[in-house]
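Participant: Requesting a structural model of the entry that follows:
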Amino acid sequence: HGYCITYLEVQDIRRVCPIVEPPIFGTISGVISTEGYQNLQGVSVDLIGLNTNHTAITTAMGGYVFVNLAKGFNLTVTPKLDKNPLNGVSTFDLLLIQKHILGIQPLSSPYKMIAADVNNSKSISTIDMIQLRKLILNIDQHFQNNTSWRFVDAAYVFPDPKNPWSAGFPETVYVQLLSSVISANFVAIKIGDLNSSAKVNTSE
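Facilitator: Predicted coordinates:
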């Protein structure tokens, strides 16, 4: 017995097969969820770039998508949600802030610390407690210097988890020269909600 090795090269000499061009469009999509992996519905996500200005709303699964985007351009993805500031806020959250300030029970994550910074001063103090109490008592109708929800790029790693303000944490995702399918996920933070009791459906 014997054997041999040969090769076969197939050519489309008559050009019967259609020419498959590489896709000329890109896609940006992502999921917005809390630190506890609860998907947040109803977030307005802005996509801004040269000759580009689109908005998508997250679904019940927390997802959003932008399709048919021209490649080769720089784009920024920015989520926004500023409604129902009392969602998830109670006197128990005041107690948790107080325990953190007194060093009795420090907040366990940088996301909770950002939630406790009610007045957006990049620190946690009794002033945050005062403003949150005014909101609970219906003296204030909204946060004085903050939005109801904040968002952090899910891929971001805090250099100092015990001080999330040691470096400016990214609240947008910057896409440089879009070339294909890009994923841009965010962690949602409900301001004033320290025990993660905020509801995440669109009616809230």
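
Participant: didn't residue 153 look like it was pressed against residue 168?
Facilitator: No. Contact status for residue 153 versus residue 168: not in contact, 11.3 Å apart, counting by C-beta atoms under 8 Å. Where you see a C-beta, it was placed from the backbone N, CA and C, and this is true even at glycine.

Participant: Of the two, which one has the most company?
Facilitator: For residue 153 versus residue 168, the count of surrounding residues by other C-beta atoms under 10 Å is larger for residue 153: 19 against 8.

Participant: low-scoring pLDDT stretches of this structure, where are they?
Facilitator: 1-9, 12-15, 19-23, 202-204 (pLDDT under 70).

Participant: which residues in it form helices?
Facilitator: Counting by DSSP state H, residue ranges of the helices within the chain are 91-102, 110-116, 126-136.

Participant: Return the distance of stretch 129-137 from the chain's centre.
Facilitator: Per C-alpha atoms, centre = their mean, to the nearest Å, the displacement of stretch 129-137 from the mean C-alpha position of its chain is 26 Å.

Participant: ok, the closest residue in space to residue 100 that isn't next to it in sequence - how many residues close by?
Facilitator: Computed as C-beta to C-beta, 6 or more residues apart in numbering, the closest residue to residue 100 that is not its neighbour in sequence is residue 107, at 4.8 Å. Neighbouring residues of residue 107 were enumerated by other C-beta under 10 Å; the total is 19.

Participant: pretty sure residue 107 is in contact with residue 98, am I right?
Facilitator: No. Checked against C-beta under 8 Å, the pair residue 107 and residue 98 is beyond contact range at 11.4 Å.

Participant: what's the single longest strand in this structure?
Facilitator: Assignment by DSSP state E gives strand 25-34 as the longest strand of the chain.

Participant: name the helices or strands packed onto that strand?
Facilitator: With contacts defined as 3 or more C-beta pairs under 8 Å, 6 or more residues apart in numbering; DSSP states H and E, strand 25-34 has these neighbours: strand 44-49, strand 63-70, strand 75-80, strand 181-183, strand 186-190.

Participant: Please report the distance of residue 17 from residue 102.
Facilitator: Applying C-beta to C-beta, to the nearest Å, the value for residue 17 to residue 102 is 73 Å.

Participant: Ok, residue 183 next?
Facilitator: Counting by C-beta to C-beta, the separation of residue 183 from residue 102 is 41 Å.

Participant: Looking at those two, which is more packed in?
Facilitator: Comparing residue 183 with residue 102 by other C-beta under 10 Å, the one with more neighbours is residue 183, at 12 against 9.

Participant: what residues are up against the nearest residue to that one once chain neighbours are set aside?
Facilitator: Closest residue in space to residue 183, ignoring its immediate chain neighbours: residue 30 at 5.7 Å, by C-beta to C-beta, 6+ apart. Taking C-beta atoms under 8 Å, 6 or more residues apart in numbering as the criterion, residue 30 is in contact with 45, 63, 64, 77, 173, 183, 184, 185, 186.
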